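> sequence first, then the predicted structure, then my questions.
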Amino acid sequence: MRYLKPATAILGLMVAAPAAFAAEDCGSLTIAEMNWASAGLAAWVDKIILEEGYDCDVALVTGDTVPTFTSMNEKGEPDIAPELWVNAVKVPLDAAVEEGRIKVASEILTDGGVEGFWIPTSLAEENGIKTIEDALAHPELFPGAEDSSKGAFFNCPSGWACQIITANQFAALGAEEKGFELVDSGSAAGLDGSIARAFNREEGWLGYYWAPTAILGKYEMTRLDLGVEHEREAWDNCTVVNDCPDPALNEWPRSDVFTAVTAEFAEKNAVTMDYLGKRAWSNDTVNTLLAWMGDNQATNEDGAYYFLENYPEVWKAWLPEDVATKVEDAL
């Protein structure tokens, strides 16, 4: 994708909160609980800290990358998107930041997100598969398509920005002509289930996935080399555009994962901005938390409490001492 502003420039436009905010009233606010695990976990961590530490009245609303950004940009709601993967909305996000409708509060994933096409590592090693073209040469290794004569190429969940990107990449690769069918995973649970099923059956699997996730902590997967560089202009003008007529294969950029807030919220709720500006964690931390959640069939709320109870050295660094004490007392 072509960045109108590099990530460092956007981060430079982050809202700076006043140092003295203790006397301000947080009031009511809304947080997008995105429909993937790491973002849902982040939403609940924010909810608990803001309610217990800052006396906010927090409502969670269902969210997803493109719909949530569009709603924040056009309607000014919800107030906070804790984990916004911005590859597919970079250009309009740059414009919204420049025009003062949205503020970037922090980069929540300190080492960024990872996206791409993956296969089981054991399959890659057994068959010498290192690139996407290597994989496409063997449709017989990837069952799961409705047409059993074709290989399955799993798309990302419906409604996610990566669904459009993957469809364009699939077309650019000529994967259909090479014997593959693009399989709609339907949901994050459906995508995860397809991977688990393949490993349980010791079968091949090929498709879109990302990190941080519990799946990549549980199953050893290899990210395939696309054999091309990232072209920003082509990404912005075609790769992320639904039904682009002539897509070209394009490497994913490093995924900037931001916490975004509406400008109105930032202006009226400065009491929370210092916290949001400091709140960030690593992929390793998130992967560990998500693996625990998966093993224990835990909800986003369960995961948030587990994090707060077991990682005080992480979250206390985000908060003034008096606020951290309030959260700890509440736990």
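Good, I have the coordinates. Bear in mind the structure is a predicted one, so any value in this text is a computation, not a measurement.

> only C-alpha atoms for contact and neighbour calcs from this point on.
Will do.

> other residues contacting stretch 196-213?
37-38, 113-120, 123, 141-143, 152-156, 166, 194-195, 219, 283-284, 286-287, 290-291 (C-alpha atoms under 8 Å, 6 or more residues apart in numbering).

> buried subset of those?
Restricting the contacts of stretch 196-213 to buried positions leaves 37-38, 113-120, 123, 141-143, 152-156, 166, 194-195, 283, 286-287, 290-291, with burial counted as 16 or more other C-alpha atoms under 10 Å.

> among the residues you listed, which are located in strands?
For these, membership in strands holds for V114, E115, G116, F117, W118, I119, P120, A152, F153, F154, with DSSP state E as the criterion.

> now, among these, which is nearest to G179?
For those, the minimum distance to G179 (C-alpha to C-alpha) is 8.9 Å, reached by A152.

> for that closest one, list each beta-bridge partner.
Going by DSSP bridges, A152 is paired in beta bridges with E181.

> for N127, see how far away it is.
Taken as C-alpha to C-alpha, to the nearest Å, the spacing of A152 relative to N127 amounts to 17 Å.

> again, but for P245
As judged by C-alpha to C-alpha, P245 and N127 stand 34 Å apart.

> so between these two, which is more surrounded?
Here P245 and N127 are set side by side on neighbour count (other C-alpha atoms under 10 Å), and the busier one is N127, at 13 against 10.

> got any ranges where the stretch 1-150 of the chain has weak pLDDT?
Residues of the stretch 1-150 of the chain that meet the criterion pLDDT under 70 lie in 1-24, 88.

> now the strands for it?
Along the stretch 1-150 of the chain, counting by DSSP state E, counting those that start in this stretch, strands occupy 28-34, 57-63, 80-85, 102-107, 114-120.

> the third one packs against which elements?
It refers to strand 80-85. The elements that strand 80-85 packs onto, with contact taken as 3 or more C-alpha pairs under 8 Å, 6 or more residues apart in numbering; DSSP states H and E, are strand 28-34, helix 37-54, helix 65-75, strand 257-262.

> need the contact partners of stretch 106-116.
For stretch 106-116, the external contacting residues (C-alpha under 8 Å, 6+ apart) are 11, 14, 82-83, 85, 208-212, 223-224, 252, 254-260, 276-283.

> if I look at the residue lying closest to C244 once chain neighbours are set aside, how far off is R232?
The spatial neighbour of C244 that comes closest, neighbours along the chain excluded (C-alpha to C-alpha, 6 or more residues apart in numbering), is C238 at 5.4 Å. In this structure, C238 and R232 are 10 Å apart, going by C-alpha to C-alpha.

> looking at those two, which one has more neighbours?
Comparing C238 with R232 by other C-alpha under 10 Å, the one with more neighbours is C238, at 21 against 18.
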